[in-house]
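> What follows is a predicted protein model with its sequence.
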Amino acid sequence: MGKRILVLTGSPRKGGNCDLLAEEFIKEAERAGHRIDRFCAAGSGVSPCLACDRCWTRNGLPCVQEDGMQPLYPLLNQADAVVFATPLYFYGMSAQIRTVIDRFYPLCKDDKKPAFEGKQSAMILCGAEEDDDAFEGAVGSYERMIDYLNWEDCGILVATGLWEKGAAANAPEWLESARDLARNF
Ligand SMILES: Cc1cc2nc3c(=O)[nH]c(=O)nc-3n(C[C@H](O)[C@H](O)[C@H](O)COP(=O)(O)O)c2cc1C
């Protein structure tokens with residue numbers, strides 16, 4: 001049966017490598033009958049978590065900050081699966097996608113967390129370096145996060161050797177890997 005898959009992209013570079021691989025993933029997932037929601041973290045107007053711990057205390061909203069995150073909360077709740085597509089920035093995820101992830105916090109509070117558990121997820125990482133080891137920090141962060149959330153990992157694509165904008169378009173192996181990843185759902 002078709003699932004609702006939310007694809008979060010983390011690069012500010014429109015049409016860059018993350019976008020290309022995410023789009024390849026999306027085409028294949030749609031072909032398989034899944035419904036895709038897409039959210040681009042860059043330019044989304046999502047501010048960092050304030051750690052004020054006032055989640056759910058104002059207007060029944062998850063967070064006191066009424067910013068670009070509010071439209072994402074219902075999509076996160078409805079999603080059967082979440083895919084994180086990010087460039088490697090200084091051996092971690094991009095600040096843009098990290099900022100969005102930190103704002104998951106209201107969905108992880110005591111009584112709310114059970115409702116947020118049990119999703120599937122995947123990660124698409126792209127970076128310039130050729131060596132898989134360079135991606136360990138970002139992969140480790142993703143793995144610990146989904147373990148904490150009790151989500152099921154459906155695959156991690158580490159697309160190495162991608163520096164220039166659009167390089168992924170000429171990397172058939174990574175495009176194929178993105179399509180393979182979609183088939184895991
Ligand atoms: C601020 C910044 C930091 C980066 N840090 C790394 C890094 O630590 N390791 C790496 O392999 N590539 C690094 N890169 C290169 C990007 O990960 C690479 O160009 C990637 O393909 C960009 O994806 P995009 O086209 O979706 O933006 C960095 C790029 C930028 C702009």
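On my side now, so go ahead.
> okay, CA-based contacts and neighbour counts for the rest of this
Fine.
> List phi and psi for the residue nearest the centre of the chain.
Nearest residue to the geometric centre of the chain (C-alpha atoms, centre = their mean): residue 84, 1.9 Å. Main-chain dihedrals, residue 84, degrees, to the nearest 10: phi -100, psi 110.
> Need the pLDDT of residue 59.
Per-residue pLDDT puts residue 59 at 86.
> so how far is the ligand from it?
Separation of residue 59 from the ligand (C-alpha to the nearest ligand atom, to the nearest Å): 36 Å.
> quick one: the strands in the chain?
For the chain, the strands defined by DSSP state E cover 4-9, 35-40, 81-87, 120-126, 152-159.
> got TSV for these, with mean pLDDT too?
As requested, those are exported to TSV (pLDDT from 0 to 100):
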stretch	mean pLDDT
strand 4-9	98
strand 35-40	98
strand 81-87	98
strand 120-126	98
strand 152-159	98
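> could you dump those to CSV with distance to the ligand?
Listed next are those as CSV, based on distance: least, C-alpha to the nearest ligand atom, whole Å:
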stretch, distance to the ligand
strand 4-9, 8
strand 35-40, 11
strand 81-87, 4
strand 120-126, 5
strand 152-159, 8
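> hmm, back to that, which residues does the residue nearest to the centre of the chain bridge with?
residue 8, residue 123 (DSSP bridges).
> same check, this time on the one 5 residues further on
Residue 89 has the following beta-bridge partners by DSSP bridges: residue 92.
> mind checking pLDDT for it?
We have a pLDDT of 98 for residue 89.
> how many other residues sit next to it?
15 (other C-alpha atoms under 10 Å).
> That concludes my questions; thank you for your assistance.
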